[in-house]
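Visitor: coordinates for the following, if possible.
(2 chains)
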Amino acid sequence: MADTAAAPPKPSSSVKLVLLGEAAVGKSSLVLRFVNNDFQENKEPTIGAAFLTQKSHLPHRTIKFEIWDTAGQERFASLAPMYYRNAQSALVVYDLTKPTSLVKAKHWVAELQRQASPGIVIALVGNKLDLTNEDATVSREANSGEGADAVGGEVAEEGGDARKISTKEGREYAEEEGLLFFETSAKTGVSVQEVFTAIANAIPETQMKGAKGPGATGAGTGQTALGSERVNLNQRAEGAKEGCAC
Amino acid sequence: MGHDGEDSLATSEGGEELANDRSKATSPPRDGEDESTIRVLKEEGAETSSKVESSTISQARFQSLETEQEYRPPLPPRPTNVNLLREGSYSPKSSLQRSRKTSRPQLLSTATTALSRTDIHTQSYQDGSRETFDASAQTTPPSKATAAFGSIKRIKDLSGSEGGDSASVKSYAPSLETGGDVESLLGEVLGASQESPAWRLHSTQNGALNPFDSVAYEDDEATVDFYREFDEIGAVAADGENEEQLLNQWKSKRKHFLILSSAGKPIYNRHGDDNLISGYIGIIQTIISFYEGAHDQLKGFTAAGARFVVMSQGPLYLVAISKLGENDLQLRVQLEALYMQILSTLTLPNLTHMFSNRPSTDLRRPLQGTEPLLSALADTFTRGSPPTLLSALECLKVRKTHRQVINDTLLRTRCETLLYGLIVASGRLVSVVRPRKHSLHPSDLQLIFNMLFEARGVKAGGGENWIPLCLPGFNKNGYLYMYVSFVSAYESGGEEGREGQNETGKPDDIAILLISANKESFYDLRKMRDSLVEELEANGSMAIIKSAVRRGRPTATDIVPGTVLRHFLYKSRANVQFTMPSYEPSFTTLLAKRRLLSLYHALHASVHAKNAHLKVHHCISRESISLAWVTPLFELYCVAGPHASRNALAQSANKVIQWVRREEERVFIIGGAVF
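Guide: Numbering: from 1, shown residues only, chains lettered A, B, ... in the order given. A predicted model of the protein is given here:
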C-alpha cells in the first residue's frame, strides 16, 4: 500500500508465482534462466521446492516475483497446495517432446482451477523448444498467437524432430481453458522473459495491491517484515476460506 | 630395543595374507566340502551381523551431541587381565572351529598367546612411549622366546585350518603387535605375501618422495585408473553392439552398490544401466534367495578379489561389491547409509506399506529423482569418507567464546516452530540448536550434508529451499521440513579459496538449516533466518565463520610443529565427533586420498575386530608407518611417511592428543545450544 503511494519512480508490488509440472520438464531451468539468465545441462532434480525472487520491470510498475519452484516427482504432489495457495499466478510446464507431460500439465491446470484462488493467472508453457526443428523466429511468431504459424509449426514437426506435441494442440487447450500459452527454451532463452512479462501484465493491479504475498519483504530488511506479516496473515486466512468455498 | 623399520612389515602383510587365504578358501568350494564352506560363510555372516547390531546400538547411545552425562562408551565386557588374554586368543577361532578343535589345542594356544600378548605391549613400546602404553602391560614379561613361540604356534594353527578364514582379522590382530620379536619368524610362516587388492591399493614403490602420490604406480594395475572410477557408463546401443565393451567397463569399477527388492526388481545401481546388468541382478537375487529359502541368510562372500556384502532390510536387498579392501562391517555401515537415504525419502511406513500391498512394487518410481543423492553417497564411500568410517561428525574449528556467541544468537532468534537449527560450513558443523529432549543423530546429519554439499541439486537451484525429509535416526516414521539457504563464504571476488576448494571439492558455502515438524512454517523459518543472518553479521560471527572456512583445516605440521605425521584422524568417542588436519600437502590427489583412507580402513578394521581387544595397533609398510590407538575416550589413527621412526610417530601421536585436549572446545562442539 505504502509502495504504491510513496515510491516516486515506479510503484512496485509482489506477485506469488508457482511452477508446476511433471518431473524433468525444465521448471527449474526456466526459473534459472529468468532469475540468473543461466542454464545448466543435466541439472539435478529439485528436492522439495525452491523459493526464489526476481524483479520484473514493466513500463508502469515494478513487479517482484516470489517464485515457488516445486519438484515434479509424484511423491511431492501432496505438498503442492501449500505452494499454490494464495498464489496469483502459476506456470504449468510441459515438455514438447514428451506427450505424458502434457497430460500431467492438464491435471495441474484442473487442480489449480478447482483449488487455487479464483482469478489465478495460469500460463501453460511448452518447454525444450530447442529440441525441435523450429528456429527462434518461428516460435516467437507462434507464441504471438497467429493461427498460420501454428500450421508452420506442425509442418516442422513432420520434418522429423523430437517434437511430440504440436503448437496447435497446446494452444487449443490453452484457449479452451483460458490460459496464457507459450513455447519456450530455457536452454536458449527463447520466450522465457516473455512468459513472465505476460504474467505480470495479466495480473490486475488491484489484485496485486491486496496481494502482498507472504514473505513479501524478501531477504533482508527485518523492519518491514513485521508490517508485512500482518497483511500476510489476513491473506492466508482469506485464501483458506476461498479454498473451502470451492 | 631395536625393533623398528620394516620388521613389522611381515606382520601387517601377514594379516593380508590370511585375509587372502580366506578368499581362496571360500570362493572355490573344494570337493566334498561345499557344505562346510557354506557353513563357514554363514557363521561368519552371523558373527558380523551381531557386530553390526551392537554397533547400531552403540550409535544409538551416541546420539547426544552433549553426552558427558548420557554417554557410556559401549565397551565389550571387560574381563580381568588374565581372562582377557585367554579370550582374546581362542574366541576368534571358537566360532568357526568348534566342531573341529578339541579343547586341548585350545588350551594350549590360550596359554601361550597370553604370554605373548602381555609381553608385546611392554616390549614394543618401551622405547620412547612407555608412559603412554604401559597401562596395558602390567605383568612382567616372560622371555621373548616364549612369546615368539606362542604366537607362531597360533598362526600355524590358523593357517593350517580352513576355518581360520573368518578369524583372520581378529586373530592376526593380536599377533601383529608382536612386532619386533617375531617378525622374521612370522615371515617364514606366512610365506611371501600375496597381496590382496586392498593392499596393492596402497602399496607403492620404495623411496618415492611422497609415496601416496600417484606418480609411482605404473606397476599398480589396481589403482592407475582410479580416476576413471566415477566415469559414467554409456547406455547400451540398440543393436547391443557395444555391450561387451560396456560390460568390461562395468567390471573394471572397483566398487558397486546394488539395491533390489526381494522380488528381484532393480531399485538402484551405481554403475551401468539396467539393461546392461540385468543378468547380474538376476544372479545376485538368485544367490540371495537361495540362502533365504534355506532360512540361512547370506551375509557376504568373496569372489575374484571382490568382497560381496549383502544386507537385507525388510523388502530390500542392498549389496556392496568392493575391491577396495574394506571389511564387512565397514561396508555394512555404507549400505546402512544408503538404506537410510531411501528411508529419508519415503519413511519406513510408506516403504513397508508399498511392499505389503504389492510385493512386486517398482520402487524406482517413488524414488525418482533421488538417484543423485544415492550416487553422491556411494561415491563418497568409494572416495573414502572419514565421517562414515568413524560414524562421527566434523566441526568447524572456532574459538569457544565465538561459538558461544553463535549459539546464543541461534537461541535468541529461534522461532516457535523450530526443531533443530544448524549452521554448517563446507560440510563441517558450526553450531547447532536443539530441544533438550532431542539429540541429533550423526547418520541423519550425514544424509543432510550429503544432500547439501555432495549432491549438487539443492545448491544449484539457487534461492532458498524447503525440503521435506525423514530423518531416520530421529524418527523413521514421519517427515520433517528443512529450510535451507546458503551464504557464500566469499562475497566479493573471493580471495584465495584455493585450499578449501581443492581439499574438499565442495563449495565453501555456509548453509543455514532450520528444521521444523510443521510443513507450513516456511515463512516463519525464513524470517528467523533473516534475523539470524542479520544478527550474525552484526556481532561479527559471520565474519568469523567465513574466515574459518577460508582458512581451511590446519596441516599436520601446523598442529604439531616438525612432526613426522602426514595425517591423522582423531575421534572423540564421547562427542561422536572427529577432527583431522588438511589433506594437503601429501594427499591432494584423489588416488592419494583413497590410499590414505584405505589405510585408515585397515587400521580401523584391526582395532575394531571382534575380540581383538586391541589398544594400540602399529603397522609398517613400504609406504608408511601408521598407528591406531583406541581408548574409551578417543580413537586416534595416524600416518607418517615410511622413513619415520616408530618413536617419532608415537611422540607425535602424544602431541596430537595433547593438542586435542588443549583445543577440545574449539574443534568439537560440546553441549551445543539447547532450549
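Visitor: helices of chain A, start to end?
Guide: Using DSSP state H, the helices of chain A run over A:2-6, A:27-36, A:80-84, A:99-115, A:136-144, A:147-158, A:167-177, A:192-202, A:205-210, A:222-245.
Visitor: nope, the stretch 351-500 of chain B is what I meant
Guide: B:364-367, B:371-383, B:386-390, B:400-413, B:442-449, B:457-460, B:498-504 (DSSP state H, counting those that start in this stretch).
Visitor: quick one: which of these is nearest chain A?
Guide: Of all these, helix B:457-460 sits nearest to chain A, with 3.4 Å by Cβ to the nearest Cβ. C-beta coordinates here come from the backbone N, C-alpha and C atoms, glycine included.
Visitor: for residue B:269, give me its contacts.
Guide: Residues in contact with residue B:269, defined by Cβ atoms under 8 Å, 6 or more residues apart in numbering or on different chains, are B:256, B:257, B:258, B:259, B:277, B:281.
Visitor: residue ranges with poor pLDDT in the chain?
Guide: No chain was given, so I picked chain A. Low-confidence segments of chain A (pLDDT under 70): A:1-9, A:134-160, A:206-246.
Visitor: oops, wrong one, chain B.
Guide: Scanning chain B for pLDDT under 70 picks out the ranges B:1-225, B:236, B:238, B:461, B:491-508.
Visitor: who in it is up against chain A?
Guide: Within chain B, the residues that sit near chain A (Cβ under 8 Å from any Cβ of the partner chain) are B:345-346, B:365-366, B:368-370, B:372-373, B:451, B:455-458, B:460-469, B:481-482, B:519-520, B:522-523, B:526-527, B:530-531, B:534.
Visitor: mark which of the residues you listed are buried, thanks.
Guide: Among the residues of chain B next to chain A, those scoring as buried are B:345-346, B:366, B:368-370, B:372-373, B:451, B:455-458, B:460-469, B:481-482, B:522-523, B:526-527, B:530-531, B:534 (criterion: 16 or more other Cβ atoms under 10 Å in any protein chain shown).
Visitor: among the residues you listed, which are in strands?
Guide: B:464, B:465, B:466, B:467, B:468, B:469, B:481, B:482 (DSSP state E).
Visitor: I'd like to know which of those is nearest to chain A.
Guide: residue B:467 (3.5 Å).
Visitor: run a quick neighbour tally on the residue lying closest to that closest one once chain neighbours are set aside.
Guide: Nearest residue to residue B:467 in three dimensions, chain neighbours excluded: residue A:48, at 3.5 Å (Cβ to Cβ, 6 or more residues apart in numbering or on different chains). Neighbour count of residue A:48, defined by other Cβ atoms under 10 Å in any protein chain shown: 22.
Visitor: pretty sure residue A:48 is touching residue B:464, no?
Guide: No. Residue A:48 is beyond contact range of residue B:464, at 10.6 Å (criterion: Cβ atoms under 8 Å).
Visitor: mind listing what the residue of the stretch 301-450 of chain B found nearest chain A touches?
Guide: In the stretch 301-450 of chain B, the residue found nearest to chain A is residue B:369; the distance is 3.6 Å by Cβ to the nearest Cβ. Counting by Cβ under 8 Å, 6+ apart, residue B:369 touches A:23, A:45, A:46, A:47, A:71, A:72, A:73.
Visitor: and with 7 Å instead?
Guide: Contacts for residue B:369 (Cβ atoms under 7 Å, 6 or more residues apart in numbering or on different chains) come out as A:23, A:45, A:71, A:73.
Visitor: again, but for residue A:34
Guide: A:54, A:192, A:193, A:196.
Visitor: now swap in residue A:96 and tell me
Guide: Counted by Cβ under 7 Å, 6+ apart, residue A:96 has contacts A:126, A:127, A:128, A:129, A:131, A:132, A:163, A:164, A:165, A:183.
Visitor: let's have these in TSV, adding distance to chain B and neighbour count.
Guide: TSV is the format used below for those (distance: Cβ to the nearest Cβ, whole Å; neighbours: other Cβ atoms under 10 Å in any protein chain shown):
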residue	distance to chain B	neighbour count
A:126	22	33
A:127	16	30
A:128	18	24
A:129	22	28
A:131	18	16
A:132	23	25
A:163	21	23
A:164	19	17
A:165	22	21
A:183	23	27
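Visitor: redo the residues you listed as CSV? Include distance to residue A:58.
Guide: Formatted as CSV, the contacts of residue A:96 follow (distance: Cβ to Cβ, whole Å):
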residue, distance to residue A:58
A:126, 24
A:127, 24
A:128, 28
A:129, 25
A:131, 31
A:132, 30
A:163, 32
A:164, 35
A:165, 30
A:183, 23
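Visitor: inside strands: which ones of the residues you listed?
Guide: Using DSSP E, the members of the contacts of residue A:96 that fall in strands are A:126, A:127, A:183.
Visitor: and for the last one, nearest residue in space, chain neighbours not counted?
Guide: The one in question is residue A:183. Among residues not flanking residue A:183 along the chain, residue A:126 sits closest, at 4.4 Å (Cβ to Cβ, 6+ apart).
Visitor: for that neighbour, name its beta-bridge partners.
Guide: residue A:94, residue A:183 (DSSP bridges).
Visitor: so it makes contact with residue A:169?
Guide: No. Residue A:126 sits out of contact with residue A:169 when judged by Cβ atoms under 7 Å, with a separation of 9.2 Å.
Visitor: what's in contact with stretch A:120-129?
Guide: With Cβ under 7 Å, 6+ apart as the test, stretch A:120-129 has contacts from A:25-26, A:30, A:87-97, A:105, A:109, A:112, A:139, A:165, A:170, A:174, A:179-186, A:190, A:195, A:198-199, A:202-203.
Visitor: how about stretch B:535-543?
Guide: Residues from elsewhere that reach stretch B:535-543 (Cβ under 7 Å, 6+ apart): B:402, B:405, B:406, B:409, B:413.
Visitor: just give the number of residues close to residue A:47.
Guide: So residue A:47, with other Cβ under 10 Å, has 27 neighbours.
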